[in-house]
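Novice: Sharing a sequence plus its predicted fold:
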Amino acid sequence: MSAGNKTASLATGQRSFGPGNPEFPLFPTHLSGCPVTSTAEMQYPLELAFDYGEAKDVGFTEASRQSWQQLMPPLHPASSMPVGLTPLIDVSAIAPERLRDRGVFIKDESRNPTWSHKDRLNKYTISAARFEEASTIIVASSGNHGVSAAAMAARAGLNCIVITMPDVSPAFRDMILGYGAFPIFLQVDARWPAMRALREVPGTYPVSNLTAIHTGHPWGPEGYKTIAYEILASPGGEPPAAVVVPTGYGEMLYGIFKGFREARDLGLTQRIPQLVSVEPAARGPLYHALKSGKQATTVPGKPTIQGGTGTTVNGYRAVVAVRDSNGIPLLASDEAALAAHAKLARQGIWQEYSSSAAFAALDDLEGLSHDGPVVVINCSTGLKEPPRSMQVKEATPDLPSLRAYLKSEFGFDL
């Protein structure tokens with residue numbers, strides 16, 4: 001193992017979210033939650049601690065992106081894939097009327113290398129793996145996380161095993177194979193026992209959650225801080241009124257919150273936006289945990305098309321992000337997500353249903369404390385949704401037939 005923190009990073013160690021916030025050295029990374037405060041009923045995640053007193057050259061402008069590295073985990077030279085710098089797309093014209101004068105923007109994370117936000121997380125989990133001299137990454141995922149880990153591991157010269165489901169989207173399957181990773185197809189309930197079994201092999205390194213109450217990798221949410229930094233570096237340089245986040249376990253939600261909190265605590269902005277979590281109405285463990293005043297709760301796994309956020313247990317980091325930002329937990333129905341999905345597609349933005357749900361939730365967004373725009377996070381492209389079965393009818397290439405075809409198939413008069 002190599003501590004290897006010779007980068008610009010000011011990270012000093014790992015800090016627990018558990019009672020008393022005990023701290024640990026930067027390495028080894030604690031991949032099963034806090035080893036001191038966790039119990040059988042509640043497992044607490046960890047985050048990275050930083051020496052903020054030394055962060056004297058940090059800025060959030062277009063010209064200061066390199067200075068952000070001081071607030072990021074150590075970056076191994078092999079973890080070199082460029083990620084982030086995704087655009088903000090103005091969708092005010094199709095937003096609820098009461099929000100249009102504020103400005104509503106999509107932060108389009110589908111522009112990352114594997115078309116999802118998970119690249120920000122895995123750039124740093126893979127960096128940790130390289131510092132700890134792993135040879136093989138293990139990830140349990142039905143979607144974006146597995147594809148991203150496969151790509152980032154390949155770039156960093158590591159093997160990658162992706163434990164996924166037999167009915168995984170063909171796009172995910174082909175991407176995993178294309179990156180040279182090794183998929184193992186198992187039913188949902190068998191994935192985590194497989195992860196724990198593979199972890200016993202020397203040289204393997206999990207980058208997925210290993211605990212009943214989600215804790216995840218301590219370095220992962222740190223990668224999402226750059227979303228906040230990029231928003232602050234956009235024209236105007238002011239924090240938005242709110243950031244609306246499709247939320248599963250809440251790693252991105254917390255990372256965005258932490259990025260804004262750091263900027264505020266360093267005196268580089270005046271406030272933290274309200275973090276708005278959006279979950280499937282059929283599940284919504286974070287919503288129910290917050291409404292009942294719990295740190296975590298488990299809900300039944302009712303069917304939902306919002307696969308990217310359809311978790312049955314929340315993570316504690318998500319509770320902290322909403323609570324400490326005076327945030328707002330919301331739910332979105334599948335019907336609302338489908339309607340928003342179609343509306344955004346007509347704007348040239350085709351995204352997964354979980355992201356469309358976040359835009360749909362704007363209809364229920366009330367109680368904003370500040371003026372300013374609303375930013376909605378788009379996690380991933382619609383290409384990753386399971387394909388619909390479709391029987392196509394061939395056309396005849398003369399003008400009357402083509403016009404008749406467009407009318408009969410799509411109701412379009414040419």
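Specialist: Structure received.

Novice: Just say helix, strand or coil for Trp68.
Specialist: Three-state assignment for Trp68 (DSSP: H, G, I helix; E, B strand; the rest coil): helix.

Novice: Run a quick neighbour tally on it.
Specialist: Here the number of neighbours of Trp68 (other C-beta atoms under 10 Å) works out to 21. (Glycine included, C-beta is placed from N, CA and C.)

Novice: My guess is it contacts Val58. True?
Specialist: Yes - the pair Trp68 and Val58 qualifies as a contact (C-beta atoms under 8 Å) at a distance of 6.8 Å.

Novice: tell me the SS of Gly259?
Specialist: Gly259 ends up helix, using three-state DSSP.

Novice: Pull the number of nearby residues for it.
Specialist: So Gly259, with other C-beta under 10 Å, has 26 neighbours.

Novice: can you pull the contacts of it?
Specialist: 224-229 (C-beta atoms under 8 Å, 6 or more residues apart in numbering).

Novice: Just the closest of those residues to Leu48, please.
Specialist: Checking these against Leu48 with C-beta to C-beta, the nearest one is Lys225 at 9.9 Å.

Novice: and the next element down the chain from the helix or strand hosting the closest one?
Specialist: Assigned by DSSP states H and E, Lys225 belongs to helix 220-233. Downstream of helix 220-233, the next assigned helix or strand under DSSP H and E is strand 242-246.

Novice: That next one relative to helix 220-233, how many degrees between them?
Specialist: If you take axes from the mean of the first three to the mean of the last three C-alpha atoms, to 10 degrees, strand 242-246 sits at 140 degrees to helix 220-233.

Novice: which stretches of the stretch 151-300 of the chain form helices?
Specialist: Using DSSP state H, counting those that start in this stretch, the helices of the stretch 151-300 of the chain run over 170-178, 188-198, 220-233, 251-265, 285-292.

Novice: Check which helices and strands the last one is in contact with.
Specialist: Yep, that's helix 285-292 we're talking about. Helix 285-292 sits against strand 274-280, helix 316-324, strand 328-332, with contacts defined as 3 or more C-beta pairs under 8 Å, 6 or more residues apart in numbering; DSSP states H and E.

Novice: in the longest one, what counts as buried?
Specialist: For helix 316-324, the buried set under the neighbour-count rule, 16 or more other C-beta atoms under 10 Å, comprises 316-322.

Novice: Throw those into a markdown table and include pLDDT and distance to Gln187, thanks.
Specialist: A markdown table is the format used below for the buried residues of helix 316-324 (pLDDT from 0 to 100; distance: C-beta to C-beta, whole Å):
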| residue | pLDDT | distance to Gln187 |
| --- | --- | --- |
| Tyr316 | 98 | 27 |
| Arg317 | 98 | 28 |
| Ala318 | 98 | 27 |
| Val319 | 98 | 30 |
| Val320 | 98 | 33 |
| Ala321 | 98 | 32 |
| Val322 | 98 | 32 |
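
Novice: any idea how far Tyr229 is from the residue nearest to Lys291 when sequence neighbours are not counted?
Specialist: Once flanking residues are discounted, Lys291 sits nearest to Pro329: 7.3 Å by C-beta to C-beta, 6 or more residues apart in numbering. The span separating Pro329 from Tyr229 equals 25 Å under the rule C-beta to C-beta, to the nearest Å.

Novice: Also Gly310?
Specialist: From Gly310 to Tyr229 the distance is 29 Å (C-beta to C-beta).

Novice: Which residue of these two possesses the greater neighbour count?
Specialist: Just comparing Gly310 and Tyr229: by other C-beta under 10 Å the higher neighbour count belongs to Tyr229, 24 against 20.

Novice: so what's the more buried one scoring on pLDDT?
Specialist: We have a pLDDT of 95 for Tyr229.

Novice: which ones are touching the residue nearest the centre of the chain?
Specialist: By C-alpha atoms, centre = their mean, the chain has its centre lying nearest to Met252, at 4.3 Å. Contact partners of Met252, counting by C-beta under 8 Å, 6+ apart, are 117, 120-121, 221, 224, 227, 245, 377, 379.

Novice: Now tabulate those in TSV and tack on distance to Pro397 and neighbour count.
Specialist: Putting these into TSV (distance: C-beta to C-beta, whole Å; neighbours: other C-beta atoms under 10 Å) gives the following:
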residue	distance to Pro397	neighbour count
His117	43	32
Arg120	47	25
Leu121	48	28
Pro221	54	31
Tyr224	50	26
Ile227	48	24
Val245	47	32
Ile377	43	26
Cys379	40	28
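
Novice: And the strands in this structure?
Specialist: 11-16, 23-24, 46-50, 88-90, 104-108, 136-140, 159-164, 182-185, 204-206, 242-246, 274-280, 328-332, 374-378 (DSSP state E).

Novice: if we can go back for a sec, with distance to Leu402 as added columns, please give the helices of the stretch 151-300 of the chain in CSV.
Specialist: As requested, the helices of the stretch 151-300 of the chain are exported to CSV (distance: least, C-beta to C-beta, whole Å):
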stretch, distance to Leu402
helix 170-178, 30
helix 188-198, 46
helix 220-233, 45
helix 251-265, 45
helix 285-292, 49
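
Novice: Lowest average pLDDT across those?
Specialist: helix 188-198 (a mean of 89).

Novice: contacting residues around Leu46?
Specialist: 14-17, 24, 30, 33-34, 215, 218.

Novice: isn't Ser255 right up against Pro221?
Specialist: That one is not Ser; residue 255 is Gly. Yes - between Gly255 and Pro221 there is a contact at 3.8 Å, judged by C-beta under 8 Å.

Novice: any residues in contact with both of the two?
Specialist: Joint contacts of Gly255 and Pro221 (C-beta under 8 Å, 6+ apart) are Leu121.

Novice: From the contacts of Met252, pick the one nearest Arg264.
Specialist: Comparing the contacts of Met252 against Arg264 with C-beta to C-beta picks out Ile227 as the nearest, at 15.5 Å.

Novice: pretty sure that closest one contacts Arg120?
Specialist: Yes - assessed by C-beta under 8 Å, Ile227 is found in contact with Arg120 at 7.1 Å.

Novice: so what's in contact with the two at the same time?
Specialist: Residues touching both Ile227 and Arg120 (C-beta under 8 Å, 6+ apart) are 84, 109, 252, 255.

Novice: Export these as CSV, with columns for distance to Ala149.
Specialist: Output for those, formatted as CSV (distance: C-beta to C-beta, whole Å):
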residue, distance to Ala149
Gly84, 17
Glu109, 16
Met252, 15
Gly255, 17
